[in-house]
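**Student:** pasting a predicted model and its sequence here:
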Amino acid sequence: MEYLTVTQAAEKWGISTRRVRLLCANGEIDGVIRKGKLYMIPAGTDKPLDKRKLPNKRKRGEFADILTAIDSKKVKLDSMRPLTAGETQRLRDEFMIDFTYNSNAIEGNTLTLRETAMVLEGMTIDRKPLKDHLEAVGHRDAFLYIVEIAQNKVRLRDTEIKAIHSLVLINRPEDKGIYRRIPVTIAGAYTEPAQPYLIEPKLAELLSENEERKKTMHPTERIARFHLEFEGIHPFIDGNGRTGRLLLNLELIRSGYPAINVKFADRRRYYEAFDTFYRDGKANDMVLLVAEYVSQRLDQYLEIVKLKS
């Protein structure tokens, strides 16, 4: 393998030798060999990202490492050759099936992943409830809707929340897109959903707070907190979880990140994150869960773009 000296690397990347030495000392360049006071850098190494110039340099606390990693991956992905429209649609459709299956399964839908794909192709599954079929179709339509409106970068509004819920609850025409009119409880939960007369003012307050947090909070943390608080309000009689995860993805896409898929297999960790927030007042578990999913999705896109380049 060929190696560059610090001076050669600095000339190649257009940065100072001092900066190169600092990157080497901090372990931010892979494959570096140190010989005494000299650093030898693999010749094929790309210019390291300058983390001082990363976006979202806001308070990160204990999430600093993963949020910085997310920003680094996003900057790298944004700098690479984009996917074609056809490639983007293919990946979106594959994700949509997986997301629909997992989000519905978390709420008790009995369709398997393969059955979900078949239903979305227009087939009927024997011995499976009509409700499960309609939930799959409704969730797909809701996902396509958020992808469409994500191009509009305006603030999230209650009209969008109701529209998403109307698609999710396609099998309940009397309840879709309508805030609940009766008080409810959630078995085993550490919070009591908002009383019906408080739903609209609490949602308005949450939407306003979500906008304010854009000034001070990393998008991943902000969106995770929004998800926690939206589910606590529990504005609809049914479909709150599915609607909430769609809203989470709408906000991620609008912030320039890929949509994430909370896996059915992770449902215990997911529910425990809500318990931690409403029992102890700590959002850490949900922030970390969402951040891990975002990081994984960025890795997937980076690998795909790398393979095609």
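**Tutor:** Nice, I can see it. The structure presented is a predicted model; accordingly, all values stated were derived computationally and were not measured. Residues are numbered from 1 along each chain as shown.

**Student:** every contact and neighbour count from this point should use C-alpha atoms.
**Tutor:** OK.

**Student:** longest strand anywhere in this protein?
**Tutor:** Looking across the chain with DSSP state E, the single longest strand is strand 38-42.

**Student:** and the residue lying closest to residue 23 once chain neighbours are set aside, what element?
**Tutor:** Distances taken as Cα to Cα, 6 or more residues apart in numbering put residue 29 closest to residue 23, at 6.4 Å, once the chain neighbours are dropped. Assigned by DSSP states H and E, residue 29 belongs to no helix or strand.

**Student:** who's in contact with the residue nearest the centre of the chain?
**Tutor:** Centroid-nearest residue in the chain, with Cα atoms, centre = their mean: residue 260, separated by 4.2 Å. Residue 260 makes contact with 99, 249, 290, 293-294, 297 under the criterion Cα atoms under 8 Å, 6 or more residues apart in numbering.

**Student:** name the SS class of it, please.
**Tutor:** coil (DSSP: H, G, I helix; E, B strand; the rest coil).

**Student:** any regions of the chain where pLDDT drops low?
**Tutor:** Where the chain drops to pLDDT under 70, the residues are 49-61, 309.

**Student:** need the contact partners of the lengthiest helix in it.
**Tutor:** In the chain, taking DSSP state H as the definition, the longest helix is helix 284-308. Residues from elsewhere that reach helix 284-308 (Cα under 8 Å, 6+ apart): 63, 66-67, 69-70, 73-74, 77, 80-83, 220-221, 224-225, 228, 257-262, 270, 273-274, 276-277.

**Student:** may I see the buried residues of it?
**Tutor:** Across helix 284-308, burial judged by 16 or more other Cα atoms under 10 Å covers 284-295, 297-299, 301-302.

**Student:** any chance you could map the strands in the stretch 1-150 of the chain?
**Tutor:** Using DSSP state E, counting those that start in this stretch, the strands found in the stretch 1-150 of the chain span residues 3-4, 33-35, 38-42.

**Student:** export those strands to JSON lines and tack on distance to residue 186 and mean neighbour count?
**Tutor:** Below are the strands of the stretch 1-150 of the chain laid out as JSON lines (distance: least, Cα to Cα, whole Å; neighbours: other Cα atoms under 10 Å):
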{"stretch": "strand 3-4", "distance to residue 186": "61", "mean neighbour count": "17"}
{"stretch": "strand 33-35", "distance to residue 186": "57", "mean neighbour count": "11"}
{"stretch": "strand 38-42", "distance to residue 186": "57", "mean neighbour count": "18"}
